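J.: Need the 3D shape of this:
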Amino acid sequence: MMKREIIPAIMPTDYEDLTSKISRVSHLVKWAQIDVMDGKFVKSTSWPYKKYKHFEEMIKQEEGLPHWEDLNFEIDLMTLSPQAEIPKWIEIGVSRVIIHIASLEDPRSIDLEGNRNTEESNKNFLKKLKEDGLVEVCLAITPNIPNSELDKYKDLYDSVQFMGIEHVGYQGEEFVPEVLNKIKEFRKENSEANIGIDGGVNFDTIEDLVEAGANRLVSGSALFNAIDLKEALDDMKDLIS
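T.: Coordinates of the predicted model:
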């Protein structure tokens, strides 16, 4: 059985919000997800693509992410041109990058040299990330994208994150129940894979998601809007144990 874990999702409006939310979970979990949006791939914008404070210093390794000594971080890159953005986050020292298939294949995406992304360049980029071994590579897939799209990147990623909502870049969105079948289908064909689910993960859905085959449960508003975050987290852990 794959290890099951709850991963708090932080969607920072600014650096202060990032610091505050990381501080609330740093002593409770081993992993935290930071959702970042550039306002181009999705409509919403978050730190560091809004209010750039501290990001350049992190890239230069003059400072680290808050509580970097206590947590492993995964970055959910809801940005255009992930090829151009990922090297910055590797410099910062994140442990896992979540890349949306839709952003890789967006015709507006460019690489570090300003060249348009192609399927070949995407494959070469993912292959290099895997070979370098500096971060875990996770591909994210939304409900409207068939699982078969993952096949073209076979052996070029380490894990998958299914999105439980149609409109990424927002917390508290309505869960899309069809994603349960997508997870079941993928788990049936990939018994040893780490499968994440992000979006709509709450007390009403979490047991069904685990039963479908998800083992990384990423939850944002259900945790951070709770009266007692630790109690909510413990209750979720009980449901997936």
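J.: where do the helices sit along this structure?
T.: Under the criterion DSSP state H, the chain contains helices at 15-25, 55-59, 82-92, 101-104, 119-132, 179-189, 206-212, 221-224, 229-240.
J.: Relative to residue 30, how far out is residue 140?
T.: With distances defined as CB to CB, to the nearest Å, the gap from residue 140 to residue 30 amounts to 21 Å. Heads up, the C-betas are built off the backbone N, CA and C, glycines and all.
J.: which one of these two has more residues nearby?
T.: The residue with more neighbours, out of residue 140 and residue 30 and counting by other CB atoms under 10 Å, is residue 140; that gives 24 against 10.
J.: Which strand residues bridge the residue nearest to the spatial centre of the chain?
T.: Taking CA atoms, centre = their mean, the centroid of the chain lies closest to residue 76, which sits 3.3 Å from it. On DSSP bridges, the residues paired with residue 76 through beta bridges are residue 35, residue 98.
J.: Check it and give its pLDDT.
T.: Note for residue 76: predicted pLDDT of 96.
J.: Next: residue 171.
T.: The predicted structure scores residue 171 at 64 on the pLDDT scale.
J.: Likewise for the one 4 residues further on?
T.: Residue-level confidence at residue 175 comes out at 87, pLDDT.
J.: same question, residue 3
T.: You'll see residue 3 listed with a pLDDT of 89.
J.: Repeat that for residue 121.
T.: Reading off the confidence values, residue 121 has pLDDT 89.
J.: what do you get for the one 5 residues further on?
T.: As predicted, residue 126 sits at a pLDDT of 94.
J.: these two touch, right, it and residue 154?
T.: No - with the criterion set as CB atoms under 8 Å, residue 126 and residue 154 do not qualify as a contacting pair; they are 10.5 Å apart.
J.: Comparing those two, which shows the higher neighbour count?
T.: Under the neighbour definition other CB under 10 Å, residue 126 and residue 154 were set side by side, and residue 126 has more, 20 against 8.
J.: so how many other residues sit close to the nearest residue to the more buried one once chain neighbours are set aside?
T.: Leaving aside its sequence neighbours, residue 126 sits nearest to residue 156 (CB to CB, 6 or more residues apart in numbering; 3.9 Å). Other residues within reach of residue 156 by the criterion other CB under 10 Å amount to 18.
J.: now the protein, which segments are flagged as low pLDDT?
T.: With pLDDT under 70 as the threshold, the chain has low-confidence stretches at 1, 169-173.
J.: next one: phi and psi at the residue nearest to residue 126?
T.: Backbone torsions for residue 156, taken as degrees, to the nearest 10, come to phi -110, psi 10.
J.: Surely it and residue 128 touch.
T.: No - using CB under 8 Å, residue 156 and residue 128 do not qualify as a contacting pair, with a distance of 9.7 Å.
J.: which residues does residue 226 contact?
T.: By CB atoms under 8 Å, 6 or more residues apart in numbering, the contact set of residue 226 is residue 232.
J.: mind redoing it with 10 Å?
T.: For residue 226, the contact set (CB atoms under 10 Å, 6 or more residues apart in numbering) comprises 202-203, 219, 232-233, 235-236.
J.: do residue 74 as well
T.: Counting by CB under 10 Å, 6+ apart, residue 74 touches 7, 9, 31-35, 89, 94-98, 135-136, 138, 159, 161, 196, 216, 218.
J.: same thing but 8 Å
T.: Each residue near residue 74 by CB under 8 Å, 6+ apart is listed here: 7, 31-34, 94-98, 136, 138.
J.: Quick check: ChimeraX command selecting the buried ones in those.
T.: In ChimeraX, this line selects whichever of the contacts of residue 74 come out buried by 16 or more other CB atoms under 10 Å:
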select :7,31,32,33,34,94,96,97,98,136,138
